[in-house]
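Engineer: Here is my input; please provide its structure:
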Amino acid sequence: MRPAAAYGCSFTTVKGGANVRCPLTNGRVAGVTTLFKDVGTWSHVAATFNGKEAILYVNGVAAAAASTSGRRRRRTSSTGSEAAGSLQEMSKPAATERRAFSVAIFARNGGDVLLIKHRRLGTWLPVGGEIEGDETPLESARRELAEETGLRGEFPARGSSGGVDGTPPGLIGYEEHTAGAKGLHMNFAFVADVPSRDLAACDEYSEARWVRDTASLSCPENVKQLVRLALAAPAAEAASTSTAAPTAPTATAASLSPAVPLFAPDLYLHALRFAAIAHAGQKVPGTDLPYLMHVASVAMEVTGALGAEPRDAASSALAVQCALLHDVVEDTSISIERVRAEFGPAVADGVLALSKDPALPKEQAMVDSLERIRAQPEAVWLVKLGDRITNLQPPPAHWTPERCRKYRLEAEEILAALGGASPFLAARMRAKIAAYARHEHPPAVESV
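Structural biologist: Purely as a prediction, here's the structure:
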(Lines give C-alpha, C1' and ligand atoms only; values in the text may rest on other atoms or scores of the structure.)
Protein backbone atom coordinates (compact mmCIF):
# COMPACT_ATOMS: atom_id res chain seq x y z
CA MET A 1 0.00 0.00 0.00
CA ARG A 2 1.31 3.46 -0.84
CA PRO A 3 1.78 5.79 2.16
CA ALA A 4 -0.83 8.47 2.75
CA ALA A 5 1.87 11.09 2.28
CA ALA A 6 2.04 10.11 -1.39
CA TYR A 7 -1.39 11.72 -1.77
CA GLY A 8 -0.66 14.70 0.46
CA CYS A 9 -2.67 13.10 3.28
CA SER A 10 -1.93 12.30 6.90
CA PHE A 11 -3.35 9.63 9.24
CA THR A 12 -4.28 10.11 12.88
CA THR A 13 -5.54 7.05 14.73
CA VAL A 14 -8.87 7.59 16.46
CA LYS A 15 -11.25 5.34 18.29
CA GLY A 16 -12.98 3.06 15.80
CA GLY A 17 -10.82 3.96 12.81
CA ALA A 18 -8.56 6.66 11.46
CA ASN A 19 -8.81 10.36 10.83
CA VAL A 20 -7.43 11.07 7.35
CA ARG A 21 -6.87 14.69 6.39
CA CYS A 22 -6.37 15.40 2.70
CA PRO A 23 -6.12 18.74 0.86
CA LEU A 24 -8.98 19.85 -1.35
CA THR A 25 -8.41 20.78 -4.98
CA ASN A 26 -11.24 22.67 -6.66
CA GLY A 27 -13.58 21.48 -3.93
CA ARG A 28 -12.55 17.81 -4.24
CA VAL A 29 -10.37 15.61 -2.08
CA ALA A 30 -7.27 15.11 -4.21
CA GLY A 31 -6.33 11.48 -4.75
CA VAL A 32 -8.92 10.17 -2.32
CA THR A 33 -10.29 7.48 -4.68
CA THR A 34 -6.85 6.06 -5.40
CA LEU A 35 -5.86 6.29 -1.74
CA PHE A 36 -8.90 4.35 -0.57
CA LYS A 37 -8.46 1.73 -3.28
CA ASP A 38 -4.97 1.17 -1.88
CA VAL A 39 -6.35 0.93 1.65
CA GLY A 40 -9.00 -1.61 0.70
CA THR A 41 -11.98 -2.27 -1.51
CA TRP A 42 -13.70 0.95 -2.52
CA SER A 43 -16.80 1.29 -0.34
CA HIS A 44 -17.94 4.92 -0.19
CA VAL A 45 -20.89 5.01 2.22
CA ALA A 46 -21.53 8.58 3.33
CA ALA A 47 -20.31 12.15 3.01
CA THR A 48 -21.02 15.14 5.26
CA PHE A 49 -19.95 18.73 4.75
CA ASN A 50 -20.47 20.86 7.86
CA GLY A 51 -18.52 23.90 6.72
CA LYS A 52 -15.16 22.75 8.02
CA GLU A 53 -14.58 19.16 7.04
CA ALA A 54 -15.82 16.33 4.84
CA ILE A 55 -16.14 12.89 6.40
CA LEU A 56 -15.95 9.87 4.13
CA TYR A 57 -16.13 6.15 4.88
CA VAL A 58 -14.20 3.33 3.26
CA ASN A 59 -14.46 -0.15 4.81
CA GLY A 60 -15.32 1.39 8.18
CA VAL A 61 -12.31 3.75 8.22
CA ALA A 62 -13.35 7.35 8.81
CA ALA A 63 -11.50 9.93 6.72
CA ALA A 64 -11.69 13.67 7.36
CA ALA A 65 -10.56 16.24 4.79
CA ALA A 66 -10.05 19.93 5.54
CA SER A 67 -12.63 21.96 3.62
CA THR A 68 -12.62 25.64 2.72
CA SER A 69 -15.95 25.70 0.91
CA GLY A 70 -18.11 26.53 3.92
CA ARG A 71 -21.03 24.83 2.14
CA ARG A 72 -23.33 22.42 3.94
CA ARG A 73 -24.51 19.28 2.17
CA ARG A 74 -26.79 16.48 3.30
CA ARG A 75 -25.43 13.19 4.48
CA THR A 76 -26.21 10.29 2.15
CA SER A 77 -25.89 7.42 4.60
CA SER A 78 -28.48 4.67 4.95
CA THR A 79 -29.86 6.26 8.14
CA GLY A 80 -31.11 9.35 6.32
CA SER A 81 -30.20 11.57 9.31
CA GLU A 82 -28.15 14.76 9.22
CA ALA A 83 -24.47 14.41 10.01
CA ALA A 84 -23.42 15.26 13.52
CA GLY A 85 -19.81 15.96 12.56
CA SER A 86 -18.66 13.33 15.04
CA LEU A 87 -16.31 10.52 14.03
CA GLN A 88 -17.60 8.39 16.87
CA GLU A 89 -21.22 8.70 15.72
CA MET A 90 -20.31 8.16 12.08
CA SER A 91 -18.46 4.94 13.00
CA LYS A 92 -21.57 3.10 14.18
CA PRO A 93 -21.91 -0.32 12.48
CA ALA A 94 -25.23 0.56 10.84
CA ALA A 95 -23.52 3.39 8.97
CA THR A 96 -20.57 1.38 7.71
CA GLU A 97 -22.39 -1.13 5.50
CA ARG A 98 -20.49 -1.29 2.27
CA ARG A 99 -22.06 0.54 -0.66
CA ALA A 100 -20.96 0.83 -4.25
CA PHE A 101 -22.30 2.16 -7.51
CA SER A 102 -22.60 -0.53 -10.16
CA VAL A 103 -23.83 -1.13 -13.69
CA ALA A 104 -25.79 -3.92 -15.36
CA ILE A 105 -25.74 -4.33 -19.13
CA PHE A 106 -28.54 -6.13 -20.96
CA ALA A 107 -26.78 -7.04 -24.21
CA ARG A 108 -29.32 -7.40 -27.04
CA ASN A 109 -28.97 -9.33 -30.28
CA GLY A 110 -31.63 -10.48 -32.76
CA GLY A 111 -34.50 -9.75 -30.39
CA ASP A 112 -32.99 -11.66 -27.45
CA VAL A 113 -31.19 -10.47 -24.31
CA LEU A 114 -28.08 -12.03 -22.79
CA LEU A 115 -28.23 -13.40 -19.23
CA ILE A 116 -25.41 -15.24 -17.50
CA LYS A 117 -25.42 -17.73 -14.63
CA HIS A 118 -23.24 -16.06 -12.00
CA ARG A 119 -20.76 -18.47 -10.43
CA ARG A 120 -20.68 -16.89 -6.96
CA LEU A 121 -24.37 -16.09 -6.63
CA GLY A 122 -25.73 -19.09 -8.55
CA THR A 123 -28.49 -17.11 -10.26
CA TRP A 124 -29.18 -15.66 -13.72
CA LEU A 125 -28.12 -12.03 -14.10
CA PRO A 126 -27.00 -9.57 -16.77
CA VAL A 127 -23.29 -8.89 -17.16
CA GLY A 128 -21.99 -5.99 -15.12
CA GLY A 129 -19.94 -4.87 -12.15
CA GLU A 130 -18.93 -1.98 -9.94
CA ILE A 131 -18.10 1.48 -11.24
CA GLU A 132 -14.41 2.23 -10.86
CA GLY A 133 -12.58 5.43 -9.97
CA ASP A 134 -13.80 8.43 -11.92
CA GLU A 135 -15.81 6.44 -14.47
CA THR A 136 -19.25 7.57 -15.49
CA PRO A 137 -21.93 4.86 -15.43
CA LEU A 138 -21.86 4.70 -19.25
CA GLU A 139 -18.06 4.35 -19.33
CA SER A 140 -18.28 1.58 -16.76
CA ALA A 141 -21.02 -0.16 -18.78
CA ARG A 142 -18.87 -0.15 -21.92
CA ARG A 143 -15.88 -1.53 -20.01
CA GLU A 144 -17.83 -4.27 -18.19
CA LEU A 145 -19.52 -5.41 -21.40
CA ALA A 146 -16.14 -5.74 -23.14
CA GLU A 147 -14.43 -7.43 -20.17
CA GLU A 148 -17.13 -10.05 -19.57
CA THR A 149 -18.20 -10.82 -23.14
CA GLY A 150 -15.51 -9.50 -25.48
CA LEU A 151 -18.24 -7.53 -27.30
CA ARG A 152 -18.60 -3.85 -28.11
CA GLY A 153 -22.13 -2.50 -27.93
CA GLU A 154 -24.14 0.37 -29.36
CA PHE A 155 -26.16 2.07 -26.63
CA PRO A 156 -29.51 3.51 -27.84
CA ALA A 157 -29.50 7.28 -27.70
CA ARG A 158 -32.68 7.53 -25.63
CA GLY A 159 -32.76 4.21 -23.76
CA SER A 160 -36.21 4.11 -22.19
CA SER A 161 -36.03 7.59 -20.70
CA GLY A 162 -38.80 8.95 -22.92
CA GLY A 163 -36.43 11.51 -24.39
CA VAL A 164 -35.21 13.23 -21.21
CA ASP A 165 -32.29 15.42 -22.26
CA GLY A 166 -28.99 14.51 -20.63
CA THR A 167 -29.86 10.87 -19.99
CA PRO A 168 -26.88 8.59 -20.76
CA PRO A 169 -27.42 6.50 -23.90
CA GLY A 170 -28.89 3.08 -23.18
CA LEU A 171 -30.02 3.81 -19.62
CA ILE A 172 -33.23 1.86 -18.92
CA GLY A 173 -33.44 2.00 -15.14
CA TYR A 174 -31.93 2.38 -11.69
CA GLU A 175 -32.39 -0.04 -8.78
CA GLU A 176 -30.72 -0.97 -5.49
CA HIS A 177 -30.01 -4.49 -4.25
CA THR A 178 -27.79 -6.32 -1.82
CA ALA A 179 -24.92 -8.22 -3.44
CA GLY A 180 -23.90 -10.62 -0.70
CA ALA A 181 -20.59 -9.74 0.91
CA LYS A 182 -20.23 -6.80 -1.46
CA GLY A 183 -22.97 -4.90 0.35
CA LEU A 184 -25.47 -2.56 -1.29
CA HIS A 185 -25.20 -2.05 -5.04
CA MET A 186 -26.71 1.18 -6.36
CA ASN A 187 -27.20 -0.04 -9.88
CA PHE A 188 -27.57 1.68 -13.25
CA ALA A 189 -29.12 -0.63 -15.85
CA PHE A 190 -28.27 -0.23 -19.55
CA VAL A 191 -29.27 -1.89 -22.80
CA ALA A 192 -26.73 -2.28 -25.63
CA ASP A 193 -27.12 -3.77 -29.10
CA VAL A 194 -24.23 -6.13 -29.86
CA PRO A 195 -23.26 -7.48 -33.30
CA SER A 196 -22.63 -11.11 -32.30
CA ARG A 197 -23.46 -13.87 -29.85
CA ASP A 198 -19.90 -15.19 -29.84
CA LEU A 199 -18.79 -14.58 -26.25
CA ALA A 200 -15.23 -14.49 -24.94
CA ALA A 201 -14.39 -16.79 -22.03
CA CYS A 202 -15.07 -15.27 -18.61
CA ASP A 203 -14.72 -16.88 -15.17
CA GLU A 204 -17.50 -14.70 -13.71
CA TYR A 205 -20.18 -17.06 -15.02
CA SER A 206 -20.66 -20.75 -15.81
CA GLU A 207 -23.26 -20.46 -18.57
CA ALA A 208 -24.89 -17.90 -20.83
CA ARG A 209 -28.26 -17.72 -22.58
CA TRP A 210 -29.95 -15.42 -25.06
CA VAL A 211 -33.57 -15.13 -23.93
CA ARG A 212 -36.84 -13.34 -24.53
CA ASP A 213 -38.85 -15.03 -21.80
CA THR A 214 -37.35 -15.36 -18.31
CA ALA A 215 -40.20 -17.40 -16.81
CA SER A 216 -38.13 -20.58 -16.64
CA LEU A 217 -35.01 -18.96 -15.20
CA SER A 218 -34.07 -18.53 -11.56
CA CYS A 219 -33.39 -14.81 -11.39
CA PRO A 220 -34.47 -11.78 -9.33
CA GLU A 221 -37.78 -10.16 -10.21
CA ASN A 222 -36.13 -6.86 -11.09
CA VAL A 223 -33.93 -8.67 -13.64
CA LYS A 224 -37.06 -10.05 -15.31
CA GLN A 225 -38.57 -6.56 -15.35
CA LEU A 226 -35.42 -5.02 -16.81
CA VAL A 227 -35.26 -7.71 -19.51
CA ARG A 228 -38.71 -6.59 -20.64
CA LEU A 229 -37.58 -2.95 -20.64
CA ALA A 230 -34.45 -3.87 -22.60
CA LEU A 231 -36.49 -5.70 -25.23
CA ALA A 232 -38.87 -2.75 -25.53
CA ALA A 233 -36.16 -0.07 -25.74
CA PRO A 234 -35.53 1.50 -29.17
CA ALA A 235 -32.71 0.13 -31.29
CA ALA A 236 -29.36 1.88 -31.40
CA GLU A 237 -28.93 4.10 -34.42
CA ALA A 238 -25.63 4.51 -36.22
CA ALA A 239 -24.42 8.12 -36.09
CA SER A 240 -24.63 9.87 -39.44
CA THR A 241 -23.71 13.33 -40.73
CA SER A 242 -25.08 12.78 -44.23
CA THR A 243 -27.29 15.54 -45.66
CA ALA A 244 -28.61 13.40 -48.51
CA ALA A 245 -32.36 13.12 -49.01
CA PRO A 246 -33.95 10.33 -46.95
CA THR A 247 -34.36 7.02 -48.72
CA ALA A 248 -36.91 4.27 -48.29
CA PRO A 249 -36.56 2.48 -44.94
CA THR A 250 -34.42 -0.63 -44.95
CA ALA A 251 -34.16 -3.56 -42.56
CA THR A 252 -31.72 -2.99 -39.70
CA ALA A 253 -29.56 -5.50 -37.87
CA ALA A 254 -31.76 -5.17 -34.80
CA SER A 255 -34.91 -6.00 -36.80
CA LEU A 256 -33.55 -9.20 -38.30
CA SER A 257 -32.32 -12.41 -36.71
CA PRO A 258 -28.53 -12.45 -37.07
CA ALA A 259 -26.86 -14.86 -39.47
CA VAL A 260 -25.13 -16.61 -36.59
CA PRO A 261 -25.11 -20.43 -36.70
CA LEU A 262 -26.20 -22.33 -33.61
CA PHE A 263 -22.87 -24.16 -33.72
CA ALA A 264 -19.92 -24.60 -36.06
CA PRO A 265 -20.90 -27.05 -38.84
CA ASP A 266 -17.41 -28.57 -38.86
CA LEU A 267 -17.82 -29.59 -35.20
CA TYR A 268 -21.11 -31.29 -36.03
CA LEU A 269 -19.67 -33.17 -39.01
CA HIS A 270 -16.60 -34.29 -37.08
CA ALA A 271 -18.71 -35.69 -34.23
CA LEU A 272 -21.21 -37.28 -36.65
CA ARG A 273 -18.46 -39.08 -38.56
CA PHE A 274 -16.87 -40.28 -35.32
CA ALA A 275 -20.23 -41.63 -34.11
CA ALA A 276 -20.97 -43.30 -37.48
CA ILE A 277 -17.69 -45.24 -37.35
CA ALA A 278 -18.11 -46.12 -33.66
CA HIS A 279 -21.65 -47.44 -34.13
CA ALA A 280 -21.01 -49.14 -37.47
CA GLY A 281 -23.05 -52.35 -37.78
CA GLN A 282 -25.31 -51.56 -34.81
CA LYS A 283 -29.10 -51.37 -35.24
CA VAL A 284 -31.81 -49.49 -33.40
CA PRO A 285 -33.24 -52.18 -31.06
CA GLY A 286 -36.25 -53.94 -32.59
CA THR A 287 -35.67 -52.49 -36.07
CA ASP A 288 -33.42 -52.83 -39.11
CA LEU A 289 -32.45 -49.16 -38.93
CA PRO A 290 -28.77 -48.28 -38.38
CA TYR A 291 -28.08 -47.04 -34.84
CA LEU A 292 -26.96 -43.72 -36.28
CA MET A 293 -30.69 -43.02 -36.77
CA HIS A 294 -31.08 -42.85 -32.99
CA VAL A 295 -28.00 -40.66 -32.61
CA ALA A 296 -29.21 -38.24 -35.30
CA SER A 297 -32.67 -38.12 -33.72
CA VAL A 298 -31.23 -37.08 -30.35
CA ALA A 299 -29.13 -34.40 -32.06
CA MET A 300 -32.28 -33.19 -33.84
CA GLU A 301 -34.10 -32.79 -30.49
CA VAL A 302 -31.15 -30.83 -29.11
CA THR A 303 -30.87 -28.52 -32.13
CA GLY A 304 -34.61 -27.91 -31.93
CA ALA A 305 -34.17 -26.74 -28.33
CA LEU A 306 -31.23 -24.54 -29.30
CA GLY A 307 -33.34 -22.91 -31.99
CA ALA A 308 -36.21 -22.27 -29.58
CA GLU A 309 -33.97 -21.23 -26.66
CA PRO A 310 -30.70 -19.82 -28.09
CA ARG A 311 -27.55 -20.20 -26.03
CA ASP A 312 -23.99 -19.02 -26.44
CA ALA A 313 -21.82 -20.68 -29.09
CA ALA A 314 -19.79 -22.74 -26.61
CA SER A 315 -22.88 -24.21 -24.91
CA SER A 316 -24.51 -24.98 -28.27
CA ALA A 317 -21.39 -26.74 -29.54
CA LEU A 318 -21.12 -28.77 -26.33
CA ALA A 319 -24.77 -29.85 -26.52
CA VAL A 320 -24.62 -30.97 -30.16
CA GLN A 321 -21.32 -32.84 -29.85
CA CYS A 322 -22.49 -34.65 -26.71
CA ALA A 323 -25.75 -35.55 -28.46
CA LEU A 324 -23.92 -37.20 -31.35
CA LEU A 325 -21.43 -38.96 -29.05
CA HIS A 326 -23.63 -39.77 -26.05
CA ASP A 327 -23.58 -43.57 -26.57
CA VAL A 328 -20.06 -44.15 -27.93
CA VAL A 329 -18.60 -45.03 -24.53
CA GLU A 330 -21.59 -46.95 -23.15
CA ASP A 331 -22.40 -48.97 -26.29
CA THR A 332 -19.11 -49.31 -28.21
CA SER A 333 -15.46 -50.09 -27.55
CA ILE A 334 -14.48 -46.40 -27.68
CA SER A 335 -12.76 -45.27 -24.46
CA ILE A 336 -13.42 -41.98 -22.69
CA GLU A 337 -9.71 -41.21 -23.14
CA ARG A 338 -10.20 -41.40 -26.90
CA VAL A 339 -13.13 -39.01 -26.71
CA ARG A 340 -11.11 -36.62 -24.54
CA ALA A 341 -8.19 -36.63 -26.96
CA GLU A 342 -10.47 -36.12 -29.98
CA PHE A 343 -12.98 -33.57 -28.64
CA GLY A 344 -11.53 -32.07 -25.45
CA PRO A 345 -12.33 -32.30 -21.72
CA ALA A 346 -15.75 -30.58 -21.72
CA VAL A 347 -17.23 -32.98 -24.30
CA ALA A 348 -15.57 -35.98 -22.65
CA ASP A 349 -16.97 -35.04 -19.24
CA GLY A 350 -20.43 -34.66 -20.74
CA VAL A 351 -20.29 -38.01 -22.53
CA LEU A 352 -19.01 -39.74 -19.38
CA ALA A 353 -21.89 -38.31 -17.32
CA LEU A 354 -24.35 -39.53 -19.97
CA SER A 355 -22.90 -43.05 -19.80
CA LYS A 356 -24.32 -45.38 -17.16
CA ASP A 357 -21.91 -47.19 -14.86
CA PRO A 358 -22.07 -50.89 -15.89
CA ALA A 359 -20.90 -51.96 -12.43
CA LEU A 360 -24.12 -50.68 -10.80
CA PRO A 361 -27.55 -52.35 -10.75
CA LYS A 362 -29.89 -50.87 -13.37
CA GLU A 363 -31.96 -48.84 -10.89
CA GLN A 364 -28.87 -47.38 -9.20
CA ALA A 365 -27.17 -46.73 -12.53
CA MET A 366 -29.90 -44.32 -13.62
CA VAL A 367 -29.83 -42.39 -10.32
CA ASP A 368 -26.04 -42.22 -10.47
CA SER A 369 -26.09 -40.99 -14.06
CA LEU A 370 -28.65 -38.28 -13.31
CA GLU A 371 -26.56 -37.03 -10.40
CA ARG A 372 -23.50 -36.81 -12.62
CA ILE A 373 -25.45 -35.12 -15.42
CA ARG A 374 -26.76 -32.49 -13.00
CA ALA A 375 -23.17 -31.65 -12.12
CA GLN A 376 -22.54 -30.79 -15.79
CA PRO A 377 -23.50 -27.61 -17.68
CA GLU A 378 -27.15 -27.50 -18.70
CA ALA A 379 -26.10 -28.11 -22.30
CA VAL A 380 -25.48 -31.74 -21.28
CA TRP A 381 -28.91 -31.95 -19.64
CA LEU A 382 -30.49 -31.27 -23.02
CA VAL A 383 -28.92 -34.44 -24.40
CA LYS A 384 -30.48 -36.70 -21.78
CA LEU A 385 -33.87 -35.08 -22.32
CA GLY A 386 -33.54 -35.52 -26.08
CA ASP A 387 -32.39 -39.12 -25.65
CA ARG A 388 -35.44 -40.09 -23.62
CA ILE A 389 -37.83 -38.19 -25.91
CA THR A 390 -36.41 -40.18 -28.83
CA ASN A 391 -36.76 -43.45 -26.93
CA LEU A 392 -40.42 -42.88 -25.98
CA GLN A 393 -41.49 -44.66 -29.15
CA PRO A 394 -43.79 -47.70 -29.31
CA PRO A 395 -41.99 -50.35 -27.20
CA PRO A 396 -40.75 -53.71 -28.54
CA ALA A 397 -43.53 -56.28 -28.89
CA HIS A 398 -42.14 -58.47 -26.12
CA TRP A 399 -42.32 -55.73 -23.45
CA THR A 400 -44.96 -56.33 -20.79
CA PRO A 401 -47.33 -53.58 -19.59
CA GLU A 402 -45.42 -53.49 -16.29
CA ARG A 403 -42.13 -52.91 -18.06
CA CYS A 404 -43.73 -50.10 -20.05
CA ARG A 405 -45.02 -48.56 -16.81
CA LYS A 406 -41.55 -48.63 -15.26
CA TYR A 407 -40.06 -47.04 -18.36
CA ARG A 408 -42.64 -44.25 -18.21
CA LEU A 409 -41.94 -43.63 -14.51
CA GLU A 410 -38.23 -43.51 -15.24
CA ALA A 411 -38.93 -40.88 -17.91
CA GLU A 412 -40.84 -38.84 -15.34
CA GLU A 413 -37.82 -38.99 -13.01
CA ILE A 414 -35.58 -37.71 -15.80
CA LEU A 415 -38.01 -34.90 -16.55
CA ALA A 416 -38.20 -33.88 -12.88
CA ALA A 417 -34.41 -33.88 -12.55
CA LEU A 418 -33.47 -32.13 -15.80
CA GLY A 419 -36.57 -30.47 -17.27
CA GLY A 420 -35.64 -27.05 -15.89
CA ALA A 421 -32.83 -26.79 -18.44
CA SER A 422 -35.25 -26.45 -21.36
CA PRO A 423 -38.96 -25.59 -21.24
CA PHE A 424 -39.09 -26.53 -24.94
CA LEU A 425 -37.83 -30.08 -24.39
CA ALA A 426 -39.76 -30.42 -21.13
CA ALA A 427 -43.03 -29.75 -22.99
CA ARG A 428 -42.15 -32.26 -25.69
CA MET A 429 -41.26 -34.85 -23.10
CA ARG A 430 -44.49 -34.39 -21.14
CA ALA A 431 -46.47 -34.97 -24.33
CA LYS A 432 -44.42 -38.09 -25.15
CA ILE A 433 -44.91 -39.48 -21.64
CA ALA A 434 -48.66 -38.95 -21.82
CA ALA A 435 -48.84 -40.74 -25.17
CA TYR A 436 -46.61 -43.58 -23.97
CA ALA A 437 -48.96 -44.38 -21.07
CA ARG A 438 -51.33 -46.18 -23.42
CA HIS A 439 -48.81 -49.02 -23.76
CA GLU A 440 -49.38 -49.90 -20.11
CA HIS A 441 -52.90 -51.09 -20.98
CA PRO A 442 -53.01 -53.95 -23.48
CA PRO A 443 -56.02 -54.03 -25.81
CA ALA A 444 -58.90 -56.17 -24.64
CA VAL A 445 -59.29 -59.52 -26.40
CA GLU A 446 -62.81 -60.23 -27.52
CA SER A 447 -64.15 -63.64 -26.57
CA VAL A 448 -65.67 -65.80 -29.28
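Engineer: Please make it C-alpha for all contacts and neighbour counts, starting now.
Structural biologist: Noted.
Engineer: Strands of the stretch 301-448 of the chain, residue ranges please.
Structural biologist: Using DSSP state E, counting those that start in this stretch, the stretch 301-448 of the chain contains no strands.
Engineer: quick one, helices of it?
Structural biologist: 313-325, 328-331, 336-343, 345-354, 362-374, 378-391, 401-418, 423-436 (DSSP state H, counting those that start in this stretch).
Engineer: Burial check on the nearest residue to residue 383 once chain neighbours are set aside, number of neighbours?
Structural biologist: Spatial nearest neighbour of residue 383, excluding adjacent residues (Cα to Cα, 6 or more residues apart in numbering): residue 323 at 5.3 Å. For residue 323, the neighbour count with other Cα atoms under 10 Å is 34.
Engineer: can you check residue 366 too?
Structural biologist: Residues near residue 366, counting by other Cα under 10 Å, number 19.
Engineer: what residues are up against it?
Structural biologist: Residues in contact with residue 366 (Cα atoms under 8 Å, 6 or more residues apart in numbering) are residue 356.
Engineer: and the gap between it and residue 347?
Structural biologist: Distance, residue 366 to residue 347, using Cα to Cα, to the nearest Å: 20 Å.
Engineer: swap in residue 369?
Structural biologist: Distance of residue 369 to residue 347, given as Cα to Cα: 16 Å.
Engineer: got it, and residue 116?
Structural biologist: 21 Å.
Engineer: more crowded one of the two?
Structural biologist: The neighbour comparison of residue 116 against residue 347 (other Cα under 10 Å) goes to residue 347, with 24 against 20.
Engineer: so the more buried one touches residue 340, yeah?
Structural biologist: Yes - using Cα atoms under 8 Å as the test, residue 347 is close enough to residue 340 to be in contact (7.1 Å).
Engineer: Can you give me the buried ones in stretch 351-370?
Structural biologist: 351-357, 365-370 (16 or more other Cα atoms under 10 Å).
Engineer: between these, which is nearest residue 206?
Structural biologist: Using Cα to Cα, residue 353 comes nearest to residue 206 of those, at 17.7 Å.
Engineer: Could you pull up the residues touching that closest one?
Structural biologist: 369, 370, 372, 373, 376.
Engineer: how about the residues you listed in TSV, adding distance to residue 142 and pLDDT?
Structural biologist: Converted to TSV, the contacts of residue 353 look like this (distance: Cα to Cα, whole Å; pLDDT from 0 to 100):
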residue	distance to residue 142	pLDDT
369	42	92
370	40	93
372	38	95
373	36	95
376	31	93
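Engineer: Next, count neighbours for the nearest residue to residue 124 once chain neighbours are set aside.
Structural biologist: Closest residue to residue 124 apart from its sequence neighbours, by Cα to Cα, 6+ apart: residue 117 at 4.4 Å. Neighbours of residue 117 under the rule other Cα under 10 Å: 21.
Engineer: so residue 117 bridges to which residues?
Structural biologist: Taking DSSP bridges as the rule, residue 117 bridges to residue 124, residue 207.
Engineer: okay but it is in contact with residue 202, surely?
Structural biologist: No - using Cα under 8 Å, residue 117 is not in contact with residue 202, being 11.4 Å away.
Engineer: picking up where we left off before, test for you: state the pLDDT assigned to the residue nearest to residue 383.
Structural biologist: Confidence at residue 323, expressed as pLDDT, is 97.
Engineer: what do you get for residue 45?
Structural biologist: Note on residue 45: pLDDT of 31.
Engineer: any idea of the mean pLDDT for stretch 336-355?
Structural biologist: For stretch 336-355, the per-residue pLDDT averages 94.
Engineer: in the stretch 251-400 of the chain, which ranges drop under the pLDDT threshold?
Structural biologist: Within the stretch 251-400 of the chain, the stretches with pLDDT under 70 are 251-263.
Engineer: again, only this time at 50
Structural biologist: By pLDDT under 50, the low-scoring segments of the stretch 251-400 of the chain are 251-260.
Engineer: count of residues packed around residue 399?
Structural biologist: Counted with other Cα under 10 Å, the neighbours of residue 399 add up to 11.
Engineer: same deal with residue 102?
Structural biologist: By other Cα under 10 Å, 22 other residues sit near residue 102.
Engineer: Looks to me like it is in a strand.
Structural biologist: Yes - the assignment for residue 102, made by DSSP: H, G, I helix; E, B strand; the rest coil, places it in a strand.
Engineer: Let me know the pLDDT of it.
Structural biologist: Value for residue 102, per-residue pLDDT: 93.
Engineer: gap between the closest residue to it other than its chain neighbours and residue 292?
Structural biologist: Distances taken as Cα to Cα, 6+ apart place residue 130 nearest to residue 102, at 4.0 Å, with adjacent residues excluded. Residue 130 sits 50 Å away from residue 292, going by Cα to Cα.
Engineer: tally of neighbours for residue 439?
Structural biologist: Residue 439: 18 surrounding residues under other Cα under 10 Å.
Engineer: any idea how far residue 397 is from it?
Structural biologist: Here the distance between residue 439 and residue 397 works out to 10 Å (Cα to Cα).
Engineer: can you list residues touching both of the two?
Structural biologist: Counting by Cα under 8 Å, 6+ apart, nothing touches both residue 439 and residue 397.
Engineer: ok now do residue 299, which residues does it touch?
Structural biologist: Taking Cα under 8 Å, 6+ apart, one finds 320, 323, 324, 383, 386 in contact with residue 299.
Engineer: Surely the third one is in contact with residue 270?
Structural biologist: If I follow you right, that is residue 324. No - judged on Cα under 8 Å, residue 324 makes no contact with residue 270 at a distance of 9.7 Å.
Engineer: The residue nearest to residue 418 when sequence neighbours are not counted: neighbour count?
Structural biologist: Take residue 418 and drop its neighbours on the chain: the residue closest to it by Cα to Cα, 6+ apart is residue 381, 6.0 Å away. Residues within reach of residue 381, counting by other Cα under 10 Å, total 28.
Engineer: what residues are up against residue 381?
Structural biologist: Contact analysis of residue 381 by Cα under 8 Å, 6+ apart lists 373, 374, 418, 421.
Engineer: Considering these, which possesses the most neighbours?
Structural biologist: Busiest of these [other Cα under 10 Å] is residue 373, holding 26 neighbours.
Engineer: List the contacts of it.
Structural biologist: Taking Cα under 8 Å, 6+ apart as the definition, contacts of residue 373 comprise 350, 353, 354, 380, 381.
Engineer: try 6 Å this time
Structural biologist: By Cα atoms under 6 Å, 6 or more residues apart in numbering, the contact list for residue 373 reads residue 353.
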